[in-house]
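>>> whatever this is, show me its structure:
(one chain, ligands or ions: 1)
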Amino acid sequence: MAFDLKEIIAARLGENYQLHERHLNRTLVQAQRVIGFDKVYARAEGAYLYDMDNRPYLDFLSGYSVFNIGRNHPVVKQAIRDVLDLDLPNMVQMDCSLLSGLLAEALTKRTPSHLNAVFFCNSGTEAMEGALKFARAATGGKRAVSLASAFHGLSLGSLSLMGCESFTEGFGPLMEGFDARVPLDDIEALDRQLCSRDVAALVIETVQGKGCQTSRTDFFIRAQELCRKYGTLLISDEVQTGLGRTGKMFGFQHWNLEPDIITLAKTLSGGYVPCGAIMTRRDIYQKTFSRMDRCVVHSTTFGRNNLAMACGLAALEVIDDEKLVVRGKGLMIGIEFHEPQEFKLKMAWKLLHKIDKVLFAQMIVTQMLSKHRILTQVAGHAMDVMKILPPLIIGEKEVDMFVNALDDVLTECRKFPGPMWEIGNNFVKAALGSKRAADVRPTVSA
Ligand SMILES: Cc1ncc(COP(=O)(O)O)c(C=O)c1O
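Predicted coordinates:
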């Protein structure tokens, strides 16, 4: 029997949640049902997802910043077709492939000149793991310092940089020496950490994925000075902020920083194929690959695969061609809600917060999807913040759709009792019916 993927999808689309319940993460399925996110999307294009009835949903989440250039971009699609048509040799391993060389060249052309050596991998967290290894190898330091509220990925090294118990609970012991976290903008606290001169790396996100917070001071500039003073390498995690998301090519450029290492992933390959990268100075790179017998001391089988590399080349071209970086001042936005003044609303707010601090924001996000078919997400655990990460291709029409919908949802929030608070009520019931309140707010990533 001939394998026919189109036929399989046509026959079985709609079974998504049953399949996942049976074979994958059934807790995620349960949670998606509670928050009304259990949609079946059948198609995607640009800034829109379409369900089985071909109804459009405005995607203001972009797969957590994967689809900066929009979904299913024709240029990236064509690059994939070309790789397949050419029957290229792929992952020979004991060769040097052309496409990985070309993508490294293309990246370095778009990056400050000191970041001239590239390592390719498959994800953001893998890029961070590699960056931490590079920093240890280059400095001899063992410790890594990060910022409070950081998110760097969920494999063990990256996870160890995070203070958020919602992610770390049950997975300890974490990496020794990775437990120092400095509040954003607290330069004295950072000095106290780095002055021992045994810190290999300070890891920052210039705009944090969690909560969308950024520095309001000259913290990053002074942090870089401290790094230079104490022999610590500065790693800028550009997995989410990189490649145009914040209105510059990289987040660190808002402060004219010169990080020693940056990490990239997400939108790097335009949304089809996993791809991550570490970019650093040649001298740092060579401290890891320091001798011939260490030439593959850090490596990964799929790291330079042709599909990812071709997609990366195409995606960078699209970012340039469509001038996506200069559209606006950044599209990584947190919208923070505050306790209402009116008595009844205040009580309802307090009840939700008693169960879990994120439920109000979750209520807004749920109604944005159910009523207005706009996909957004809460910005992190235990916070009143919703996050929007639209694709960088959006225009006035999409902005108006979002603003009008949010206005409508917030107006509805002022009616108590009312349909909005009914959603909140359902969350409370689901939380009280489950072992732990946390079970109703599971889909938080960065
Ligand atoms: C800033 C940042 N770093 C690292 C990661 C981890 O990337 P990945 O999910 O590809 O491992 C993320 C993911 O959301 C992120 O936002």
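
>>> count the neighbours of the nearest residue to S155 once chain neighbours are set aside for me.
Spatial nearest neighbour of S155, chain neighbours left out: T125 (4.5 Å); criterion: Cβ to Cβ, 6 or more residues apart in numbering. For glycine as for every other residue, the C-beta is placed from the backbone atoms N, C-alpha and C. Neighbourhood size, T125 [other Cβ atoms under 10 Å]: 22.

>>> contacting residues for T125?
Contacts for T125 (Cβ atoms under 8 Å, 6 or more residues apart in numbering) come out as H152, G153, L154, S155, S158.

>>> among these, which are within reach of the ligand?
Restricting those to those near the ligand by Cβ under 6 Å from any ligand atom leaves H152, G153.

>>> restricted to buried residues, select the contacts of T125 in ChimeraX.
To isolate the buried members of the contacts of T125 in ChimeraX, using 16 or more other Cβ atoms under 10 Å:
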select :152,153,154,158
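
>>> take the contacts of T125 and keep only those in helices.
S158 (DSSP state H).

>>> tabulate the contacts of T125 in TSV, adding columns for pLDDT.
Below are the contacts of T125 laid out as TSV (pLDDT from 0 to 100):
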residue	pLDDT
H152	98
G153	98
L154	98
S155	98
S158	98
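
>>> and which of the contacts of T125 is nearest P183?
P183 has its nearest neighbour among those in H152, at 16.6 Å by Cβ to Cβ.

>>> quick one: low-confidence parts of this structure?
For the chain, the stretches flagged by pLDDT under 70 are 327-329, 434-446.

>>> give me every residue that touches the residue of it found nearest the ligand.
Going by Cβ to the nearest ligand atom, the ligand is nearest to G124 of the chain, at 2.2 Å. Shown in contact with G124 (Cβ under 8 Å, 6+ apart): H152, G153, D237, V239, Q240, T263, L264, A265, K266, G276.

>>> which residue packs closest to the first one, ignoring adjacent ones?
To tie it back to what came earlier, the one meant is H152. Nearest non-adjacent residue to H152, counting by Cβ to Cβ, 6+ apart: S158, 4.1 Å away.

>>> in the host helix or strand of D82, what's buried?
Under the criterion DSSP states H and E, the helix or strand holding D82 is helix 74-85. Of all the residues in helix 74-85, those buried under the rule 16+ other Cβ under 10 Å are V75, V76, A79, I80, V83.

>>> list the contacts of that helix.
Here helix 74-85 makes contact (Cβ under 8 Å, 6+ apart) with 69, 99, 269-273, 306-307, 310-311, 313-315, 317-318, 321.

>>> now the next helix or strand after it against helix 74-85, angle please.
Along the chain past helix 74-85, the next helix or strand (assigned with DSSP H and E) turns out to be helix 98-109. With axes from the mean of the first three to the mean of the last three Cα atoms, to 10 degrees defining the directions, helix 98-109 sits at 150 degrees from helix 74-85.

>>> with only the CA atoms kept, save helix 98-109 in CSV.
The C-alpha trace of helix 98-109 is given here as CSV (Å, rounded to 0.1, in the frame of the first residue of the first chain):
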residue,chain,number,x,y,z
LEU,A,98,28.0,23.6,2.0
LEU,A,99,24.7,24.8,3.5
SER,A,100,25.9,25.0,7.1
GLY,A,101,28.9,27.0,5.9
LEU,A,102,26.5,29.3,4.0
LEU,A,103,24.2,29.8,6.9
ALA,A,104,27.0,30.5,9.3
GLU,A,105,28.3,33.1,6.8
ALA,A,106,24.8,34.6,6.5
LEU,A,107,24.5,34.8,10.3
THR,A,108,27.8,36.4,10.8
LYS,A,109,27.1,39.0,8.2
